[in-house]
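**Q** Below is the sequence, then the predicted model.
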Amino acid sequence: MDTQSIFIPFTKMQGAGNDFVVIDNRSLQFSKEELIKWTPQLCDRKFGIGSDGLLVLFPSDMDNADFQMFYRNPDGSDAGMCGNGGRCLSLFAHQLGFDRNHNFSVHKNLYQAQVIDQQNVRLTFPAQTSIDELTIDGQTIFKLHTGTEHIVTVVEDEKLEQSDQLVAEGRKLRYHQKFQPKGTNVNFISGVNERKLRLQTYERGVEDLTLACGTGALASALVWHHLQDDKQEDIQPLSVITEGGRLNIYFSYNSSDKSYSDLQLEGPAQFVFEGQYPLSSLQA
Ligand SMILES: N[C@H](CCC[C@H](N)C(=O)O)C(=O)O
């Protein structure tokens, strides 16, 4: 193959400042192995295109799915679901001709998407989840799965401004032996006593704070609800304020087993630019 003349067409997208390199691979031009190998360079902000992750649209691998979402962290590691990425890929798919309402799979789990308009998408998650409480070094940690691994910890409002400290604490918790071998994403929230939930997320695989994390916002909203004495029904949608924008969360709560289901994430998704990345650079 003459790699000198081969380019990978890509689209750069972002959802609340969580940014992605998006590739249409319906033709199966690229194998998953190749894409995984290329991910660190494609996502590199100096040597590549630069993003918080790689999103690839594959043909469907499930009866009820319109397509498959293949997602990798920028270090090439596998993650479960990416909420902001899922919204971006849905908008991308809609632009390719998929219906405004469609379903896609991630690791054989089926997500429903609704493209609300050209800048907003709502996703419904398949999972039911519940919250575990644990204590690490005297600190209360809430652990839950919202498509991928998350922990949530409550901090003072001012602390959300102290990025260096959040990165240091996030990194420590992310590698804590209680969360091995997979590790976890780490969410810091404030505003639990108000109806103003603010969030900073340390993302596994990015190994830094990102401007927003959709599954982290979902996890944080559920923990916010878990911490309310009066579990009112009329709080929805619960808005989560991230550095990169506002995400709206909807859910159903089952008080008998304290589980959460019908998880929905609504928020922005935007095209940034399109380009062609030379394959020769990747193989150098
Ligand atoms: N940013 C993503 C989550 C990425 C999670 C990933 N970093 C992991 O290793 O689980 C979101 O919007 O939900």
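**A** That came in fine, so what should we check first? Numbering: from 1, shown residues only.

**Q** Could you pull up the mean pLDDT of stretch 204-216?
**A** The average pLDDT within stretch 204-216 is 98.

**Q** go on, stretch 148-156?
**A** Mean predicted lDDT for stretch 148-156 stands at 97.

**Q** Would you tell me whether it gets close to the ligand?
**A** Yes. Stretch 148-156 comes into contact with the ligand (CB under 6 Å from any ligand atom), by way of 148-149. Every residue, glycine included, has its C-beta placed from N, CA and C.

**Q** list the buried ones in that stretch?
**A** Neighbour counts over stretch 148-156 (16 or more other CB atoms under 10 Å) mark 148-155 as buried.

**Q** Residue 204 against residue 149, yeah?
**A** Yes. Residue 204 lies in contact with residue 149 (CB atoms under 8 Å); the separation is 7.4 Å.

**Q** which residues do these two both contact?
**A** 183-185 (CB atoms under 8 Å, 6 or more residues apart in numbering).

**Q** Could you single out the nearest of these to the ligand?
**A** Taking CB to the nearest ligand atom as the measure, the ligand lies nearest residue 185 of these, at 5.1 Å.

**Q** Please enumerate the helices of the stretch 101-250 of the chain.
**A** 163-174, 214-226 (DSSP state H, counting those that start in this stretch).

**Q** Packing partners of the longest one?
**A** Counting contacts by 3 or more CB pairs under 8 Å, 6 or more residues apart in numbering; DSSP states H and E, the secondary-structure elements packed against helix 214-226 are helix 83-96, strand 139-145, strand 149-154, strand 185-190, strand 197-203, strand 238-242, strand 245-254, strand 259-268.

**Q** can you pull the buried residues of the next helix-or-strand element following the last one?
**A** So the one you mean is strand 259-268. Note on strand 259-268: by DSSP states H and E, the next helix or strand toward the C-terminus is strand 270-278. Within strand 270-278, the residues that qualify as buried are 270-271, 277, counting by 16+ other CB under 10 Å.

**Q** Present these as JSON lines; the columns should include pLDDT and distance to residue 123.
**A** Output for the buried residues of strand 270-278, formatted as JSON lines (pLDDT from 0 to 100; distance: CB to CB, whole Å):
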{"residue": "270", "pLDDT": "98", "distance to residue 123": "16"}
{"residue": "271", "pLDDT": "98", "distance to residue 123": "18"}
{"residue": "277", "pLDDT": "96", "distance to residue 123": "27"}
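
**Q** Many thanks, we can stop here.
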